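**Student:** turn this into a structure:
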Amino acid sequence: MNNNNQQQANDYMEIDLLELAAALWKRKWLILIVAVLFAAIALSYAYFMVTPMYTSSALLYVNNNSISFGSANLSISSSDLTAASKLVSTYIVILSSRMTLEDVIDTAHLPYTYEQLNKMVSATQVNSTEVFRITVKCDDPYMAEKIANTIVKVLPQKIADVVEGSNVKVVDYAVVDTRKVSPSLTKYTAVGLLLGFVLACAYVFIEMMMDDIVHDEATLIDTYGLPVLASIPDLRIRNVDNYGYYDKNGNRTSKSTTSKTKKTTTSSRRTTKAKEEA
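**Tutor:** Numbers count the residues shown, from 1 in each chain. Here you go, the predicted model:
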């Protein structure tokens, strides 16, 4: 029977959630220190190592009543938001084309390649209207403003060359914005704090699962199915009144009282010996 219980204990492992919670609470200071340490590392990395980024945006308006693509004519009313959405999407594709961005690089004398500039520039439609926003993200706020306004200058002509009858107007030019959009110090700190907390809890969990020491009778009974016939108290533990020594007459004496008696007896013997020598 005991062999079967031991075999079952080896086949699978049960996790006591209360025991796990107690282990985590016991090592709470370790978990807290590790979490704070990782948060400080993440904050330092974001502040000193990550390059801050800035953005600058411009708004353009699509004004088209009649557009022709080659020999086909397409009429679009201002109230037809679906058609306007498709039209703005077409203009965004033209914006990200190599022809447009290389013209922007040459006009503004930018120190970027087409691939680099393409990653810096993005365009989105504003609330399903005929207005779309051009956003440039760069590590220099003044460079971001310069690129955005150069695109505003170049793009209308590029669109007119591709889409006949198009009319793009500037709603708002880009301005210099010195507020950093990344990195987010709060986000980095929160991620570091969470990572440190998870790693510390994982360490405590693994330490608990790898611990094969029998700490109490319940471990023997629940894990191995072994009955506990007797237990021997640890007399090395101090400040415990539940156990003690027994004298030769069978009377129980606490450990602290026994220690005091031994000290008194030793002192008396030393005093008697000193008097005899005198």
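**Student:** near Thr100, how many other residues are there?
**Tutor:** With neighbours defined by other CB atoms under 10 Å, the count for Thr100 comes to 24. Heads up, the C-betas are built off the backbone N, CA and C, glycines and all.
**Student:** which helix or strand contains it?
**Tutor:** Using DSSP states H and E, Thr100 sits within helix 98-108.
**Student:** same check on Ala230?
**Tutor:** Per DSSP H and E, there is no helix or strand for Ala230.
**Student:** how about it, phi and psi?
**Tutor:** Here is the backbone geometry of Ala230 (degrees, to the nearest 10): phi -160, psi 160.
**Student:** quick one: it from Ile213, how far?
**Tutor:** Remark: distance between Ala230 and Ile213 (CB to CB, to the nearest Å) = 19 Å.
**Student:** ok, now Pro156?
**Tutor:** For Pro156, the distance to Ile213 equals 77 Å [CB to CB].
**Student:** between the two, which one's more packed in?
**Tutor:** Taking other CB under 10 Å, Pro156 and Ile213 do not tie; Pro156 has more neighbours (17 against 5).
**Student:** find the nearest non-adjacent residue to the more buried one, please.
**Tutor:** Spatially, and ignoring its direct neighbours in sequence, Pro156 is nearest to Val168 (4.3 Å; CB to CB, 6 or more residues apart in numbering).
**Student:** for the one you found, what are its contacts?
**Tutor:** Leu60, Tyr61, Val62, Asn63, Tyr91, Leu155, Pro156, Ile159, Ala160 (CB atoms under 8 Å, 6 or more residues apart in numbering).
**Student:** likewise for Leu229?
**Tutor:** Shown in contact with Leu229 (CB under 8 Å, 6+ apart): no residues.
**Student:** give me the contact list for the helix holding Thr100.
**Tutor:** Residues outside helix 98-108 that contact it (CB under 8 Å, 6+ apart) are 94-95, 110, 112-114, 117-118, 121, 146-147, 150-151, 153-155, 158.
**Student:** only C-alpha atoms, please: export that helix in PDB.
**Tutor:** Presented in PDB, the C-alpha positions along helix 98-108 are these (Å, rounded to 0.1, in the frame of the first residue of the first chain):
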ATOM      1  CA  ARG A  98       9.400  55.900 -53.700                       C
ATOM      2  CA  MET A  99       8.800  58.700 -56.300                       C
ATOM      3  CA  THR A 100       7.200  61.000 -53.700                       C
ATOM      4  CA  LEU A 101       9.600  60.400 -50.800                       C
ATOM      5  CA  GLU A 102      12.700  60.600 -53.000                       C
ATOM      6  CA  ASP A 103      11.500  64.000 -54.200                       C
ATOM      7  CA  VAL A 104      11.000  65.000 -50.500                       C
ATOM      8  CA  ILE A 105      14.600  64.000 -49.800                       C
ATOM      9  CA  ASP A 106      16.000  66.000 -52.700                       C
ATOM     10  CA  THR A 107      13.900  69.000 -52.000                       C
ATOM     11  CA  ALA A 108      14.800  69.200 -48.300                       C
END
